[in-house]
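Asks: sequence-free structure coming up:
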Ligand code: NAI
């Protein structure tokens, strides 16, 4: 029996969480879910969006599956996601992007892994209002964090038989901060037999939309990583199918790339695939590789049978899609 934290999130979070719980239960997995809530609703009752009990739960169980949580734009509380990554030192954001069967995209055979530094850069939230007409954000990059994420990318590449790592920066303009990230990648790469390639982020975006098949593992600082991983999600069929994981030395939180999709929340329209793919990755992580394979193949069979949610051009609701996967398990 595994103890795993489940953060149900808000918006479409509860719908896709329930879908995944049902599928995992049908696969016969003995998981004791420690269900936790976080976000705007929790502020009303507990005063903070990310209560200590959530952090304690992940610390105790070491592994969590998380649904999206809404973050107010411009004002209000700081992102629960950013806080969680910071508090648990989940320094690596891992986003494997590859085509799923029968999901129509502009490109075939995309197989890119985005490795994004998760703790610093403009995401550290070091901001100040100088006066009414001026605000600034600090882009802080450290050698320790940069070398740590570069090592993660290379270790991942070796373990997963990838061919090379491409470090993505804007080191021609941000000479010091991105320069340090690049220099750290170069230093770390010397310990591996795999080649390190280098590209500027603007060119990388252009190359990705022209010929994504030329890339293998991408290594990026936090902000570029955020943007480029959504771009890569677009290459494989959109946010509804893109999985993600936040991994640190001690804990791992698996979550879809997409947000809480308030525009379709509560309508049984959400695609649970990204959440399910994240859960499948989580099962591999805890050593349940056979179950992971079985669930993935049930998902792929469902898609091959042209059973899809609206975001993928289908007509199935989230619950119908879930039932179809369970039937194929
Ligand atoms: P979003 O990813 O929630 O939605 C963008 C578009 O994609 C919407 O049209 C939505 O309907 C669609 N979409 C997303 N996931 C889908 C799914 N599973 N099935 C079908 N359609 C799907 O991005 P948005 O609107 O920028 O953000 C909404 C909220 O989510 C914001 O408060 C944001 O801060 C938060 N967010 C949370 C994340 C997390 O908890 N890890 C990650 C990204 C955003």
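Replies: Received, thanks. These figures come from a predicted structure and were not determined experimentally.

Asks: how many neighbours does the closest residue to the ligand within the stretch 101-250 of the chain have?
Replies: In the stretch 101-250 of the chain, the residue that lies nearest the ligand is residue 240 (3.8 Å; Cβ to the nearest ligand atom). Any C-beta I mention is one placed from the backbone N, CA and C, and that applies to glycine too. Neighbours of residue 240 under the rule other Cβ atoms under 10 Å: 24.

Asks: secondary structure element for residue 265?
Replies: Here residue 265 is covered by no helix or strand, with elements defined by DSSP states H and E.

Asks: ok, now which ones touch it?
Replies: Neighbour list for residue 265: 10-12, 15 [criterion: Cβ atoms under 8 Å, 6 or more residues apart in numbering].

Asks: report whether the lowest-mean-pLDDT helix or strand in the chain contacts the ligand.
Replies: Using mean pLDDT, DSSP states H and E, helix 40-46 stands out as the lowest-scoring helix or strand of the chain, at a mean of 85. No: looking at helix 40-46 against the ligand by Cβ under 6 Å from any ligand atom, there are no contacts, and the closest approach is 9.2 Å.

Asks: after that helix, heading C-terminal, what element do we hit next?
Replies: helix 52-61.

Asks: please see if that following helix touches the ligand.
Replies: No: counting by Cβ under 6 Å from any ligand atom, the ligand is not contacted by helix 52-61; separation bottoms out at 13.1 Å.

Asks: return the set of buried residues in that helix.
Replies: Using 16 or more other Cβ atoms under 10 Å as the test for burial, helix 52-61 gives 54-55, 57-58, 61.

Asks: for the stretch 51-200 of the chain, what spans make up the strands?
Replies: Taking DSSP state E, counting those that start in this stretch as the test, the strands found in the stretch 51-200 of the chain are 63-66, 92-98, 111-117, 127-131, 134-137, 165-169, 196-200.

Asks: wasn't the residue of the stretch 101-250 of the chain closest to the ligand part of a strand?
Replies: No: the assignment for residue 240 is helix, going by DSSP: H, G, I helix; E, B strand; the rest coil, so no strand is present there.

Asks: picking up where we left off before, quick check: buried residues in the least confident helix or strand of the chain?
Replies: 40, 42.

Asks: quick check: the residue of this protein nearest the ligand.
Replies: residue 259 (2.3 Å).

Asks: for the closest residue to that residue other than its chain neighbours, the count of nearby residues, please.
Replies: Distances taken as Cβ to Cβ, 6 or more residues apart in numbering put residue 68 closest to residue 259, at 4.8 Å, once the chain neighbours are dropped. Using other Cβ under 10 Å, residue 68 has 28 neighbouring residues.

Asks: and the gap between residue 324 and residue 23?
Replies: 10 Å (Cβ to Cβ, to the nearest Å).

Asks: next one: residue 204
Replies: Residue 204 is 35 Å from residue 23, by Cβ to Cβ.

Asks: rewinding a little: just the strands of the stretch 51-200 of the chain: most buried one?
Replies: strand 165-169 (a mean of 26; mean count of other Cβ atoms under 10 Å).

Asks: show me what that strand is packed up against.
Replies: Strand 165-169 sits against helix 143-159, helix 177-189, strand 196-200, helix 201-210, strand 217-220, helix 222-235, with contacts defined as 3 or more Cβ pairs under 8 Å, 6 or more residues apart in numbering; DSSP states H and E.

Asks: which residues does the second one contact?
Replies: Think helix 177-189. 117, 121, 139-143, 146-147, 150-151, 153-154, 165, 167, 169-171, 195-196, 198, 219, 221.

Asks: now the buried members of those residues.
Replies: Among the contacts of helix 177-189, the ones that count as buried (16+ other Cβ under 10 Å) are 117, 121, 139, 141-142, 146-147, 150-151, 153-154, 165, 167, 169-171, 196, 219, 221.

Asks: quick check: which ranges of the chain have low pLDDT?
Replies: Within the chain, the ranges that satisfy pLDDT under 70 run 74-76.
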